[in-house]
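Asker: here's my sequence, what's the structure:
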Amino acid sequence: MSSKRLRGIIGRHIAMAAMLGIGVAFLAAQAATPADAGAVSEPTQKALDFDAKGAKPDKQYRIAYLTECVNNPYCQARLRGLEDAAAKYGFEFKIFDANFNPAAQLKMVQNAVTEGFDGYLFAPAATAPGCSMWQRHLEPLDEPVVSLDLPMCKDANYTPGLAATVTMQRQVYYNAHVDFAFESCTEPCKVAAVGGFVGSDLFGFWENAIEQAKAKYPNADVVVDEPGNFDPRVALEKIQNALLAHPDITVVLSSWDDMTRGVEQAIESAGKQPGKDVRIYSIGATKDGVAKVKQGIYNETTVLLPWEESYYAAVALIAALEGEPINGYINEAELPAVTDGPGTIIITKENADTMNPNY
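Answerer: Presented below is the predicted three-dimensional model:
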């Protein structure tokens, strides 16, 4: 049921684009992320095929991992993916952790280039400064660079010149999540939303998704829209205040499963039943998030794949180093965790048993 609903949502995006004169083929490619998991693009298939061969290079490559973070649960899962890829392909890597600080990341990029590596994995702390770092310091290198986590340089996904880009979190991803939640308002309903950090690219995607959905789903009245800093304590406070001011809220959107724990607690403290009196739509498809969906506490969680993100970024980098560059966008929604499981990034009670989170 969820896949069918989401295909309808994506179809409306494409139809609207056609009326506005936007290239339908281009938008269809963008929109393929959520629903059309069976149609694997050529770059994603090339990565899967290279990994299936499993050939260990004769040379032990040295790789710089220019990451925006290491210590939160998402980035810890992503680090495990990189470690598993290193074990399979025999490379070693050095971590340059910017801790979400673009200025610190610039210095680390410069240091890594000076030190010299066979290849670079680049997870920009922010898209605009990340683009500048790519253009000024990484693009001029002879060694291949793969970006992950966020698109950059105003590109919807792949930035030309990279050996590959591996992402899930693009604008179309957040649009699909919010649209699915808003479409549940078959009658007028009041909505509260808690996102990440104000000023971050992810918060920008989140806010844009809410704005575009408002126009399409007039039954959904957003009465509270606050940053939650990915922190369950902040979300608890924000949603408690929201329910005090608007006790008739029936839908809450959250941009991270761990933060959603605070949403759940706030709803319970208001004497309401999460998942029934107040529907919850979350992001992450973590082990806890999927379990909460199975229990009917969360109504939906949208898939993120941190382990796969770094693993296949490393696969793409090794492929380039071995003379088989992908030079395109590896869509995480087309990876086996989705295609061999739920077939969609939208996880509901109907398909939760087919999702096997690894973080």
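Asker: got the contact list for the residue nearest the centre of the chain?
Answerer: The residue lying closest to the centre of the chain (Cα atoms, centre = their mean) is residue 169, at 3.0 Å. Residues in contact with residue 169 (Cβ atoms under 8 Å, 6 or more residues apart in numbering) are 149-150, 202, 205, 304. Where you see a C-beta, it was placed from the backbone N, CA and C, and this is true even at glycine.
Asker: quick check: phi and psi at residue 248.
Answerer: Per-residue torsions, residue 248: phi -100, psi 10 (degrees, to the nearest 10).
Asker: from residue 113, how far off is it?
Answerer: The spacing between residue 248 and residue 113, counted by Cβ to Cβ, to the nearest Å, is 56 Å.
Asker: between the two, who's got more neighbours?
Answerer: Each of residue 248 and residue 113 has its neighbours counted (other Cβ atoms under 10 Å); residue 113 has more, 19 against 11.
Asker: buried sites along the helix or strand hosting the more buried one?
Answerer: Residue 113 belongs to helix 102-115 when assigned by DSSP states H and E. Buried residues in helix 102-115, defined by neighbour count with 16 or more other Cβ atoms under 10 Å: 102, 105-106, 108-109, 112-113.
Asker: tell me what it is packed against?
Answerer: strand 62-67, strand 92-97, helix 127-133 (3 or more Cβ pairs under 8 Å, 6 or more residues apart in numbering; DSSP states H and E).
Asker: average pLDDT across the helix or strand harbouring residue 147?
Answerer: Here residue 147 sits within strand 145-149, counting by DSSP H and E. Mean pLDDT, strand 145-149: 98.
Asker: list the neighbouring strands of it plus their orientation.
Answerer: Using DSSP bridges, the strands paired with strand 145-149 are strand 119-122 (parallel), strand 164-167 (parallel).
Asker: so which of those comes closest to residue 315?
Answerer: Relative to residue 315, the nearest member of the strands paired with strand 145-149 by Cβ to Cβ is strand 164-167, separated by 8.8 Å.
Asker: can I get that closest one as PDB, trimmed to CA atoms?
Answerer: This file holds the C-alpha atoms of strand 164-167, laid out as PDB (Å, rounded to 0.1, in the frame of the first residue of the first chain):
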ATOM      1  CA  ALA A 164      31.100   9.000  -8.100                       C
ATOM      2  CA  THR A 165      28.600  10.500  -5.700                       C
ATOM      3  CA  VAL A 166      26.700   8.400  -3.200                       C
ATOM      4  CA  THR A 167      23.800  10.000  -1.400                       C
END
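Asker: I'd like the average pLDDT over it.
Answerer: In this model, strand 164-167 has a mean pLDDT of 98.
Asker: hmm, who's touching that strand?
Answerer: By Cβ under 8 Å, 6+ apart, the list of residues contacting strand 164-167 reads 43, 47, 146-151, 155, 157-159, 309, 312-313, 316-317, 319-320, 325-330, 332.
Asker: tell me which of the strands paired with strand 145-149 is the most buried.
Answerer: Comparing these on average neighbours per residue, with mean count of other Cβ atoms under 10 Å, the densest one is strand 164-167 at a mean of 28.
Asker: could you point out the helix or strand that follows that one?
Answerer: Using DSSP H and E, the next helix or strand after strand 164-167 towards the C-terminus is helix 171-183.
Asker: give me the mean pLDDT for that next one.
Answerer: On average, helix 171-183 scores 97.
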